[in-house]
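[1] make a model of this:
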Amino acid sequence: MPPIMLSRDEFISLKKIVERPRPIAEIPDDHTAKFLNYRLARRDVLLMRPTQLGQLEVLRQRFRGISLPERIALNEAKTRGALLLSGRDA
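    Model (predicted):
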């Protein structure tokens, strides 16, 4: 699944919801609609609560663009997808 494109303000709103459930009035209406549409949050009586997908999306957005160090190589033939330090035998 490709990452969901969130603006900086949307990311901050989602991060607040993940930290603790927030009243719906604190979150802008367009952010609320997007979070509900993508199932990043769910609406309770007066609160927005994060879903597991919302928590995962915060982590994905936070660490997006960080590349692996060059010393770490992926060798699927020997490790079936595990990450190994380059230069070490499996």
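
[2] export the helix or strand hosting Asp30 to PDB, keeping only CA atoms.
    Using DSSP states H and E, Asp30 sits in helix 29-37. Extracted in PDB, the C-alpha atoms of helix 29-37 (Å, rounded to 0.1, in the frame of the first residue of the first chain):
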ATOM      1  CA  ASP A  29     -13.300  19.200   9.800                       C
ATOM      2  CA  ASP A  30     -11.300  18.400   6.700                       C
ATOM      3  CA  HIS A  31      -8.700  16.500   8.700                       C
ATOM      4  CA  THR A  32     -11.400  14.500  10.400                       C
ATOM      5  CA  ALA A  33     -13.000  13.600   7.100                       C
ATOM      6  CA  LYS A  34      -9.700  12.400   5.700                       C
ATOM      7  CA  PHE A  35      -8.800  10.400   8.800                       C
ATOM      8  CA  LEU A  36     -12.200   8.700   8.700                       C
ATOM      9  CA  ASN A  37     -12.100   8.100   4.900                       C
END
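
[3] avg pLDDT for it?
    The average pLDDT within helix 29-37 is 94.

[4] give me the residues contacting that helix.
    6, 9-10, 13-14, 17, 24, 27, 40-43, 48, 54 (CB atoms under 8 Å, 6 or more residues apart in numbering). No exception for glycine: its C-beta is placed from N, CA and C like everyone else's.

[5] as a markdown table, those with neighbour count and secondary structure would be great.
    Listed next are these as a markdown table, based on neighbours: other CB atoms under 10 Å; DSSP: H, G, I helix; E, B strand; the rest coil:
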| residue | neighbour count | secondary structure |
| --- | --- | --- |
| Leu6 | 21 | coil |
| Asp9 | 11 | helix |
| Glu10 | 19 | helix |
| Ser13 | 23 | helix |
| Leu14 | 26 | helix |
| Ile17 | 26 | helix |
| Ile24 | 15 | helix |
| Ile27 | 20 | coil |
| Leu40 | 25 | coil |
| Ala41 | 28 | strand |
| Arg42 | 15 | strand |
| Arg43 | 12 | strand |
| Met48 | 25 | strand |
| Gly54 | 21 | helix |
